[in-house]
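Chemist: Curious how this folds, go ahead:
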Amino acid sequence: QVQLVESGGGLVQAGGSLRLSCAASGGVFSTYAMGWFRQAPGKEREFVGAISRGSVVSMYEDSVKGRFTISRDNGKNTVYLQMNSLKPEDTAVYYCAATQTTLSNSWRSIATYAFWGQGTQVTVSS
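Modeler: Here you go, the predicted model:
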């Protein structure tokens, strides 16, 4: 059983940056691909991006490409989401999730992930 805890959320002005962290425990972190999702009020949870176990492969939702970067440190059991050039439409609760599925074409699906964090709020003011 993997436990995931996100941190780093907060209030930022448009154009600003935040770095979210997701600390994992209770499993072998390096055996999991990690995803980031977000959910805005009144909307469904959506895929933001994902990174493979060894950081070789990463993928992003189109609206965040070039602004967001996912990285991981397997020695620290932590995955990061660096968010730059933030926009008000990025406002959401951000979740990290873990999957042992290695098929990257499945990483966009919520159902792929077995373990989820509790989320951290990101609010971008205009």
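
Chemist: Report the contact partners of the one residue sitting closest to the centre of the chain.
Modeler: Centroid check for the chain by CA atoms, centre = their mean gives Trp36 as the closest residue, at 2.2 Å. Trp36 makes contact with 20, 22, 47-50, 70, 79, 81, 94-97, according to CB atoms under 8 Å, 6 or more residues apart in numbering. C-beta: built from backbone N, CA, C; applies to glycine.

Chemist: How about it, nearest residue that isn't a chain neighbour?
Modeler: Val48 (4.2 Å; CB to CB, 6 or more residues apart in numbering).

Chemist: now do Gly10
Modeler: Nearest non-adjacent residue to Gly10 (CB to CB, 6+ apart): Leu18, at 6.5 Å.

Chemist: cool, Gln121 as well?
Modeler: Leaving out its chain neighbours, the residue that sits closest to Gln121 by CB to CB, 6+ apart is Gly9, at 4.8 Å.

Chemist: does that neighbour really touch Gln118, like I thought?
Modeler: No: the pair Gly9 / Gln118 is not scored as a contact, 11.0 Å apart, by CB atoms under 8 Å.

Chemist: ok, the two, which is more surrounded?
Modeler: Gly9 (18 against 11; other CB atoms under 10 Å).

Chemist: Please report how far that one lies from Thr123.
Modeler: 8 Å (CB to CB, to the nearest Å).

Chemist: quick revisit: where does the residue nearest to the centre of the chain fall, helix, sheet strand or coil?
Modeler: Classification of Trp36 by DSSP: H, G, I helix; E, B strand; the rest coil places it in strand.

Chemist: Show me what it is bridged to.
Modeler: Listed by DSSP bridges, the beta-bridge partners for Trp36 are Gly49, Cys96.

Chemist: Same question for Leu4.
Modeler: Bridge pairing for Leu4 (DSSP bridges) gives the partners Ala24.

Chemist: mind listing the strands in the protein by residue range?
Modeler: Taking DSSP state E to define them, one finds strands in the chain at 3-7, 10-13, 18-25, 33-39, 46-51, 58-60, 68-73, 78-83, 92-99, 115-116, 120-125.
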